[in-house]
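Trainee: Next one to model:
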Amino acid sequence: MNFSARIKKTQNLIEEKGYKALLIEEPLNILYLTGLDISMGQLLIDTSSASILVDSRYYEECKKLGTIDVVATTKTALVEALTKKSIKSVTVDGATMTYNSFIALEKKLSSKDITLVAADSPLKELRSIKDAEEIKSLRNSAALAAQGWDYACSILKEGITEKAVATEMEIFWKKNGGEAPSFESNISFGANSALPHHRAGTSKLTKNSVILMDIGVTVENYASDMTRVAFFGDPSTEITKIHDIVQRAQKAALELCRPGTDLGTLDNAARNIISAEGYGEYFSHGLGHGVGLNVHETPVVTHKDPWCDIKLQEGMVITVEPGIYLPDIGGVRIEDTIVITKDGYESLTQRPTEAIVIEV
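Mentor: Residues are numbered from 1 along each chain as shown. From the prediction side, this is the model:
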């Protein structure tokens, strides 16, 4: 990863936004900019320099980077660093810093006439456009997630619990290079599939059930996210019907995935098909979201403000995941993670969207 280039882009951002300096404390943002996987630290960037303030646990590790200044944390280290650079205003991420932390830091800085300013996720635009190395890691992550889907389908049998499938799949990932699930695995049998954020529980698989798996694994620090449906025997006519509708809705949205398409148009392409079939009220969430170091990142793919007018750009990685959820009956969601290319998109998920039928 070219972390020096990311620091430079951040410095350009600081200049464009009129910040004097940016103080970054959120660990994933520090990882994004430096490659350092640390639980606590302060990355201070201005238009001409970058330094990281850490305690003794991480000091030697950070020194090995050799690309940014490393400062040992003390009660006065941050104030001294700002004073040394003649910085009279510093911006923090208001989306990740707690109110109490902001007030405490503001009090400390105001004693030296340094102003503290909160901005809304100042790095979100940088992180929403993935570089080639990030896309490579996302591709690897998506590939392992899909292999987990294959494995999970291979162990389905009458009486197995949702939690057992999730556990065995996560062990498979660990054995094959996965770091951790990107989120708590959603293995849903029967009527549980109508709950979009269901988590694997004690429900047992029975004949003629619909199975929904919303799964993802982290590889090389990058998340993956996919959803597929299997039929354990013969599904109901209505479940078969809504699977066809969701499949068509996703295809309609994917056909519009290219630079310049706004997110509202993308969401509506899928939503209009579902609504035309009479199931609009049962598609209860946005069409998708960004994926990167976090499984949910900018942008949010929806027809609602403030996202609807934002346009797709080359390098964005998003999910496209329409769904229909019928209470007490079952649900269908089909989800692919895609990267926006120069003139279209590439699917990272690499699995057919047709439901797998498992003979019982």
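Trainee: rest of the way, CA atoms for contacts and neighbours
Mentor: Fine.
Trainee: where do the helices sit along this structure?
Mentor: For the chain, applying DSSP state H gives helices covering 3-17, 27-34, 59-63, 77-84, 99-110, 124-128, 132-154, 162-175, 237-254, 263-276.
Trainee: ok now the second one, how far from the chain's centre?
Mentor: Think helix 27-34. Helix 27-34 sits 15 Å away from the centroid of its parent chain (Cα atoms, centre = their mean, to the nearest Å).
Trainee: any idea of the angle that helix forms with helix 132-154?
Mentor: Calculated by axes from the mean of the first three to the mean of the last three Cα atoms, to 10 degrees, helix 27-34 forms an angle of 130 degrees with helix 132-154.
Trainee: between helix 27-34 and helix 3-17, how many degrees?
Mentor: Using the same axes, to 10 degrees, one finds that helix 27-34 and helix 3-17 are set 110 degrees apart in direction.
Trainee: got the helices of the chain as a markdown table, with distance to Ile338, mean neighbour count and mean pLDDT columns?
Mentor: Shown next, in a markdown table, are the helices of the chain (distance: least, Cα to Cα, whole Å; neighbours: other Cα atoms under 10 Å; pLDDT from 0 to 100):
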| stretch | distance to Ile338 | mean neighbour count | mean pLDDT |
| --- | --- | --- | --- |
| helix 3-17 | 23 | 16 | 94 |
| helix 27-34 | 20 | 19 | 96 |
| helix 59-63 | 34 | 16 | 90 |
| helix 77-84 | 41 | 16 | 92 |
| helix 99-110 | 36 | 14 | 94 |
| helix 124-128 | 13 | 16 | 95 |
| helix 132-154 | 9 | 20 | 98 |
| helix 162-175 | 21 | 19 | 98 |
| helix 237-254 | 9 | 19 | 98 |
| helix 263-276 | 13 | 21 | 98 |
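Trainee: His197: which of those helices is closest?
Mentor: When the helices of the chain are compared by Cα to Cα, helix 162-175 sits nearest His197, at 13.8 Å.
Trainee: Could you tell me the angle between the closest one and helix 132-154?
Mentor: 140 degrees.
Trainee: Which other helices and strands does helix 162-175 contact?
Mentor: Helices and strands touching helix 162-175, by 3 or more Cα pairs under 8 Å, 6 or more residues apart in numbering; DSSP states H and E, are helix 132-154, strand 180-181, strand 186-189.
Trainee: May I see those organised as JSON lines, with distance to Ile24 added?
Mentor: Shown next, in JSON lines, are the helices and strands packed on helix 162-175 (distance: least, Cα to Cα, whole Å):
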{"stretch": "helix 132-154", "distance to Ile24": "21"}
{"stretch": "strand 180-181", "distance to Ile24": "25"}
{"stretch": "strand 186-189", "distance to Ile24": "32"}
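Trainee: Would you tell me which of these gets closest to Val165?
Mentor: Using Cα to Cα, the nearest of the helices and strands packed on helix 162-175 to Val165 is helix 132-154, at 6.1 Å.
Trainee: do you know which of the helices and strands packed on helix 162-175 lies nearest Leu195?
Mentor: Across the helices and strands packed on helix 162-175, closest to Leu195 is strand 186-189 (Cα to Cα), at 8.2 Å.
Trainee: Could you chop the protein up by domain?
Mentor: Using automatic domain parsing, the domain parsing of the chain gives 3-126, 129-358.
Trainee: tell me how far the first one is from the chain's mean position?
Mentor: Going back to what we said before, that points to domain 3-126. 23 Å.
Trainee: Endpoint to endpoint, it covers what distance?
Mentor: 12 Å (Cα to Cα, to the nearest Å).
Trainee: Would you mind measuring from Cys163 to Lys241?
Mentor: Careful, residue 163 is Lys and not Cys. 28 Å.
Trainee: do Ala223 as well
Mentor: Ala223 is 31 Å from Lys241, by Cα to Cα.
Trainee: circling back to that earlier point, for Leu43, find the nearest of the helices of the chain.
Mentor: helix 27-34 (6.8 Å).
Trainee: which residues make contact with that closest one from outside it?
Mentor: With contact meaning Cα atoms under 8 Å, 6 or more residues apart in numbering, helix 27-34 is reached by 3-4, 6-7, 24, 36-41, 43, 123, 293.
Trainee: Would you mind checking which of those residues is nearest to Ile324?
Mentor: The closest of the contacts of helix 27-34, once distances to Ile324 are taken by Cα to Cα, is Leu293, at 28.0 Å.
Trainee: ok, that closest one - contacts?
Mentor: By Cα under 8 Å, 6+ apart, the neighbours of Leu293 are Leu28, Tyr32, Asn221, Tyr222, Ala223.
Trainee: Asp234 too?
Mentor: Contacts of Asp234 by Cα under 8 Å, 6+ apart are Lys207, Asn208, Ser209, Val357.
Trainee: Relative to Arg228, how far out is the last one?
Mentor: Meaning Val357. Distance, Val357 to Arg228, using Cα to Cα: 12 Å.
Trainee: Show me the residue at the heart of the chain, geometrically.
Mentor: In the chain, the centroid-proximal residue (Cα atoms, centre = their mean) is Val295; its distance is 2.2 Å.
Trainee: Show me what counts as buried in stretch 202-214.
Mentor: Ser203, Lys204, Leu205, Thr206, Lys207, Asn208, Ser209, Val210, Ile211, Leu212, Met213, Asp214 (16 or more other Cα atoms under 10 Å).
Trainee: Show me the two of the residues you listed that sit farthest apart.
Mentor: Lys207 and Asp214 (20.7 Å).
Trainee: For the helices of the chain, give me TSV that also has distance to Val339.
Mentor: Output for these, formatted as TSV (distance: least, Cα to Cα, whole Å):
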stretch	distance to Val339
helix 3-17	20
helix 27-34	19
helix 59-63	32
helix 77-84	39
helix 99-110	35
helix 124-128	11
helix 132-154	8
helix 162-175	23
helix 237-254	11
helix 263-276	14
